[in-house]
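Enquirer: Using only what follows, build the 3D model:
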Amino acid sequence: QVQLVESGGGLVQTGGSLRLSCAASGFTFSGYSMGWFRQAPGKEREFVASINWDGGSIIYVDSVKGRFTISRDNAKNTVYLQMNSLKAEDTAVYYCAARRSIYYFTGAGYDYWGQGTQVTVSS
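Expert: Predicted coordinates for the structure are as follows:
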């Protein structure tokens with residue numbers, strides 16, 4: 001049974017930091033690229049970051065470049081999203097996703113999705 005379980009969300013003040021984790025199980029993690037997406041209230045889900053199978057290639061949406069860092073630990077079947085200098089506009093439910101590919105991917109065509117974790121940034 002495939003599972004992606006996000007954790008680490010919460011309430012943080014503007015300028016603060018959070019580290020999201022996504023624990024994967026039920027598939028060969030190292031054979032999948034991983035992505036983080038977010039959906040704010042009343043908005044469509046948007047791509048945030050993606051990492052290829054070995055962590056050697058990474059891509060971010062422009063709005064988080066220099067503030068967010070995606071990484072993965074294939075030994076732990078976990079992908080992370082370190083979020084620094086958080087802004088109110090980062091408030092959203094954050095989802096991790098897995099795609100059966102060795103390349104990163106910015107679209108919505110991922111094979112598996114987690115349930116999401118809420119991130120709220122207050123001013």
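Enquirer: beta partners of residue 117?
Expert: Note on residue 117: beta-bridge partners by DSSP bridges are residue 94.
Enquirer: ok, it to residue 50 distance?
Expert: Counting by CB to CB, to the nearest Å, the separation of residue 117 from residue 50 is 18 Å. Heads up, the C-betas are built off the backbone N, CA and C, glycines and all.
Enquirer: Among the two, which residue is more densely surrounded?
Expert: residue 50 (26 against 22; other CB atoms under 10 Å).
Enquirer: What pairs with the helix or strand harbouring the more buried one, parallel or antiparallel?
Expert: Applying DSSP states H and E as the criterion places residue 50 in strand 46-51. The strands that strand 46-51 pairs with in its sheet are strand 33-39 (antiparallel), strand 58-60 (antiparallel) (by DSSP bridges).
Enquirer: Serialize these to a markdown table and add fields for mean pLDDT and distance to residue 84.
Expert: Shown next, in a markdown table, are those (pLDDT from 0 to 100; distance: least, CB to CB, whole Å):
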| stretch | mean pLDDT | distance to residue 84 |
| --- | --- | --- |
| strand 33-39 | 98 | 14 |
| strand 58-60 | 97 | 13 |
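Enquirer: ranking those strands by burial, who's on top?
Expert: Highest mean neighbour count among those (mean count of other CB atoms under 10 Å): strand 33-39, with a mean of 23.
Enquirer: Which residues does it contact?
Expert: The contact list for strand 33-39 (CB atoms under 8 Å, 6 or more residues apart in numbering) reads 20, 22, 24, 45-53, 70, 72, 79, 81, 90, 92-99, 101-106, 108, 110, 116, 119.
Enquirer: which ones are touching the closest residue to residue 32 other than its chain neighbours?
Expert: Leaving aside its sequence neighbours, residue 32 sits nearest to residue 98 (CB to CB, 6 or more residues apart in numbering; 4.4 Å). Contact analysis of residue 98 by CB under 8 Å, 6+ apart lists 2, 4, 24, 27, 29, 32-35, 110-112.
Enquirer: give me that answer again for 6 Å
Expert: By CB atoms under 6 Å, 6 or more residues apart in numbering, residue 98 lies in contact with 32, 34, 111-112.
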